[in-house]
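Enquirer: everything below, folded, please.
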Amino acid sequence: MPTETIKVISWTDRSWVRRQYQQFSGRFRLDETSGLYFDVETPIAHRKLISRTFLKLPGKVRHAAVYLGLTVSTTNRPATLSGDQSAVYGAWDRPHSQISPHLEITQASLTPEFVFPHLVHECCHLLWAIQTKAARAAYTNEIRTLVEELGADDFIEVTGYAQTFFDAWQEALLIADGLGILHRRNLALDKWVMESFCESVAKICCPTYKEREERHTEGLLELRQAAMAEHFELTLESRLVAFA
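Expert: Modelled structure (predicted):
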């Protein structure tokens with residue numbers, strides 16, 4: 001009988017774990033097929049679905065998750081502890097070996113419509129985390145310049161979710177100069193660029209993702225895809241994905 005690989009993570013091993021997140025410590029079993037570590041209490045059906053879906057993600061995105069030792073759990077609650085349908089947690093400002101990321105997924109994200117794009121989005125946070133500061137800065141500058149060229153008033157994001165972060169950045173730009181406002185603007189910019197990166201990769205990989213929203217500035221995905229290839233060496237295929 002094959003020997004199982006179990007990873008034991010205590011709350012002291014994860015610097016980002018606070019009292020409300022202590023459930024993301026514990027015992028995690030390696031899934032040999034995907035290279036992901038699942039909470040030992042994860043239902044078999046959930047593990048198999050996530051594992052086979054993960055294998056359809058772009059290679060560089062999968063590599064980032066496995067490289068960082070991503071652990072995974074699912075929940076029957078209507079939302080993750082952070083209030084979303086899926087969420088990835090980690091010590092993003094730490095060295096790679098200390099990020100210790102964990103992915104929490106709800107039943108809503110495990111539906112045929114969302115399992116693939118949501119998994120892409122969350123794992124793209126890991127790909128973003130391992131890029132150099134120089135690469136992220138270059139990508140950010142290019143995306144910010146793109147908005148200036150297109151005109152912020154006419155700019156429409158790839159999804160409504162990404163639009164909320166763009167709007168938050170624009171609102172920060174309108175605040176009068178004062179103590180801490182530059183830092184606040186930069187945080188809003190960084191958050192928008194990161195979230196729009198994750199949403200764009202999900203949208204490129206799965207064109208049916210949020211297609212009912214019928215949005216985004218013409219050519220935006222193509223321009224972003226070129227920037228991803230240049231700064232992150234990330235080349236993506238546009239494809240339709242369906243799961244039974």
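Enquirer: stretch 69-77 - what's its average pLDDT?
Expert: Mean pLDDT, computed over stretch 69-77, is 96.
Enquirer: quick check: buried residues in that stretch?
Expert: 69-75 (16 or more other C-beta atoms under 10 Å). From N, CA and C alone the C-beta is placed, and that goes for glycine too.
Enquirer: any idea how far the helix or strand encompassing residue 226 is from the chain center?
Expert: Residue 226 is part of helix 220-232, with elements assigned from DSSP states H and E. Relative to its parent chain, helix 220-232 has a centroid offset of 17 Å by C-alpha atoms, centre = their mean, to the nearest Å.
Enquirer: one more: stretch 39-50?
Expert: 20 Å.
Enquirer: which sections of this structure are below the confidence cut-off?
Expert: Across the chain, the ranges flagged by pLDDT under 70 are 1-2, 238-244.
Enquirer: now the strands: where do they sit in it?
Expert: In the chain, the strands defined using DSSP state E lie at 6-9, 26-30, 37-39, 71-75, 86-89, 102-106.
Enquirer: so for residue 204, which of the ones you listed sits nearest?
Expert: strand 86-89 (18.5 Å; C-beta to C-beta).
Enquirer: quick one on the thing from earlier: list the buried ones in the helix holding residue 226?
Expert: Under 16+ other C-beta under 10 Å, the buried positions of helix 220-232 are 220-221, 223-225, 227-228, 231-232.
Enquirer: tell me who's in contact with the residue nearest the centre of the chain.
Expert: Centroid-nearest residue in the chain: residue 122, 2.7 Å away (criterion: C-alpha atoms, centre = their mean). By C-beta atoms under 8 Å, 6 or more residues apart in numbering, residue 122 lies in contact with 86-88, 103, 198.
Enquirer: now those residues as a markdown table including distance to residue 127 and neighbour count?
Expert: A markdown table is the format used below for the contacts of residue 122 (distance: C-beta to C-beta, whole Å; neighbours: other C-beta atoms under 10 Å):
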| residue | distance to residue 127 | neighbour count |
| --- | --- | --- |
| 86 | 16 | 23 |
| 87 | 16 | 19 |
| 88 | 11 | 25 |
| 103 | 13 | 28 |
| 198 | 9 | 23 |
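Enquirer: among those, which two are most distant?
Expert: Maximum distance among the contacts of residue 122 (C-beta to C-beta): 12.9 Å, for 103 and 198.
Enquirer: pull the longest helix from this structure.
Expert: For the chain, the helix reaching the highest residue count under DSSP state H is reported as helix 181-205.
Enquirer: tell me what angle that one forms with helix 220-232.
Expert: For helix 181-205 against helix 220-232, the angle by axes from the mean of the first three to the mean of the last three C-alpha atoms, to 10 degrees is 110 degrees.
Enquirer: please name every helix or strand in contact with helix 181-205.
Expert: Applying 3 or more C-beta pairs under 8 Å, 6 or more residues apart in numbering; DSSP states H and E, we find helix 181-205 packed against helix 115-129, helix 133-150, helix 160-174, helix 220-232.
Enquirer: how many other residues sit next to residue 145?
Expert: 10 (other C-beta atoms under 10 Å).
Enquirer: an error on my part: the question was meant for residue 202.
Expert: So residue 202, with other C-beta under 10 Å, has 26 neighbours.
Enquirer: touching, it and residue 208? I think so.
Expert: No. If you go by C-beta atoms under 8 Å, residue 202 and residue 208 don't touch, sitting 10.7 Å apart.
Enquirer: what about residue 94, neighbour count?
Expert: A total of 13 residues lie near residue 94 under the criterion other C-beta under 10 Å.
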